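**Student:** Structure for this input, please:
(one chain, ligands or ions: 1)
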Amino acid sequence: MTAPGTGGGTFITFEGGEGAGKSTQIRRLAAHLRAESGRPVLTTREPGGSPKAERIREALLAGLAKPYGPFAEALLFSAARIDHLDTLIRPALGRGEIVLCDRFADSTRAYQGAAGGLDPDVLVALEGVVVGPTRPDLTLILDCEPELGLARAQARRAAGAEGAVDRFEAEALAFHARLRTAFRAIAAAEPGRCAVVNAALPADAVEAAIRAVVAERLPGLLPARAGHGRSDDRPGTEHGDAA
Ligand code: Z5A
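**Tutor:** You can find the predicted model right below:
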């Protein structure tokens with residue numbers, strides 16, 4: 001069963017703090033779904049994903065909007081999201097594809113809202129206008145201590161995989177702790193859409209937990225067969241503890 005606004009496709013988003021393993025797990029789930037579902041799989045990210053939105057990403061991660069405050073930043077994330085939805089996500093969903101997106105509107109709720117202080121009513125209004133009916137069918141919230149995620153990101157940087165610390169990674173630990181609380185609160189408020197996955201486990205165990213959630217929540221996506229990993233039948237609960 002897919003959400004009414006996803007036009008025959010399946011929309012799965014990955015959320016969580018810095019270094020939780022979203023990019024790693026999107027790659028793994030995409031490979032699994034390409035092999036097993038028989039449907040095209042599009043992987044994308046926010047901010048960015050489309051050429052125009054990627055230009056806005058550069059400005060946001062460079063911190064150019066920070067002096068204008070969380071509302072202005074939320075507007076820019078929204079501008080990028082509008083282009084991303086119009087030019088990439090909705091067309092792919094309309095063709096019946098599986099879309100895996102690294103961050104989406106929950107990141108605006110967590111970063112600009114809960115951690116940044118933007119009024120929740122403003123966020124709800126903005127999300128209604130920008131996202132409309134194109135809500136994710138499933139949101140996987142990769143959850144771990146912010147210290148662990150930041151350490152992973154730092155280790156990746158030390159290994160030379162990327163450049164300078166970005167505008168959000170540079171925030172204090174307390175900001176990242178608020179993010180974690182916010183993502184967990186989103187999952188608790190929308191257990192039908194969201195599943196929390198224990199991202200502190202080794203990557204293979206996280207992958208198995210994600211496969212189990214996908215098999216359980218989106219049973220039409222994969223042909224029925226054994227071996228999709230552990231399944232926890234309580235919606236909104238944490239997956240991966242016993243993996
Ligand atoms: N933002 C916002 O404020 N508002 C919005 O509306 C949106 C976004 C949409 C985008 O940054 C920033 O924009 C983001 C929120 C804000 N802020 N930050 N910070 P980004 O896309 O550049 O960064 P990110 O989304 O946080 O992703 P990331 O740092 O690349 O983390 P990740 O994708 O979750 O992790 P990863 O790249 O898969 O893994 C990180 C490292 O850990 C890597 O070396 C892996 O090999 C390793 N790893 C992964 N999993 C494991 C496990 N399980 N064990 C051990 N090591 C692991």
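
**Student:** what's next to the longest helix along the chain, contact-wise?
**Tutor:** Longest helix in the chain, counting residues (DSSP state H): helix 173-189. Under the criterion Cβ atoms under 8 Å, 6 or more residues apart in numbering, residues 15-18, 106, 109-111, 113-115, 139, 141, 143, 145-147, 149-150, 194-196, 236 lie in contact with helix 173-189. All C-beta spots, glycine's among them, are computed from the backbone N, C-alpha and C.

**Student:** Centre of the chain to it, how far?
**Tutor:** 13 Å (Cα atoms, centre = their mean, to the nearest Å).

**Student:** can you give me the angle the next helix or strand after that helix makes with helix 173-189?
**Tutor:** Per DSSP states H and E, helix 173-189 leads on to strand 194-198 as the next helix or strand towards the C-terminus. If you take axes from the mean of the first three to the mean of the last three Cα atoms, to 10 degrees, strand 194-198 sits at 130 degrees to helix 173-189.

**Student:** How are the helices of this protein distributed by residue range?
**Tutor:** Under DSSP H, the chain gives helices at 22-36, 51-61, 70-84, 90-94, 105-107, 120-130, 146-158, 173-189, 203-217.

**Student:** and the ligand, which of the contacts of helix 173-189 reach it?
**Tutor:** 18, 111 (Cβ under 6 Å from any ligand atom).

**Student:** Pull out the buried members of the contacts of helix 173-189.
**Tutor:** 15-18, 106, 109-111, 113-115, 139, 141, 143, 146, 149-150, 194-196 (16 or more other Cβ atoms under 10 Å).

**Student:** residues of the longest helix of the chain that come out buried?
**Tutor:** 175-176, 178-180, 182-184, 186-187.

**Student:** Stretch 123-136 too?
**Tutor:** Buried-residue list, stretch 123-136, by 16+ other Cβ under 10 Å: 123, 126-127, 130-131, 134-136.

**Student:** Tell me if it is near the ligand.
**Tutor:** No - against the ligand, stretch 123-136 shows no contacts by Cβ under 6 Å from any ligand atom, the least distance being 9.9 Å.

**Student:** How about residues contacting that stretch?
**Tutor:** Residues contacting stretch 123-136 (Cβ under 8 Å, 6+ apart): 3-6, 11-13, 74-75, 78, 81-82, 85, 89-90, 93, 101, 104-105, 108-109, 112-113, 193.
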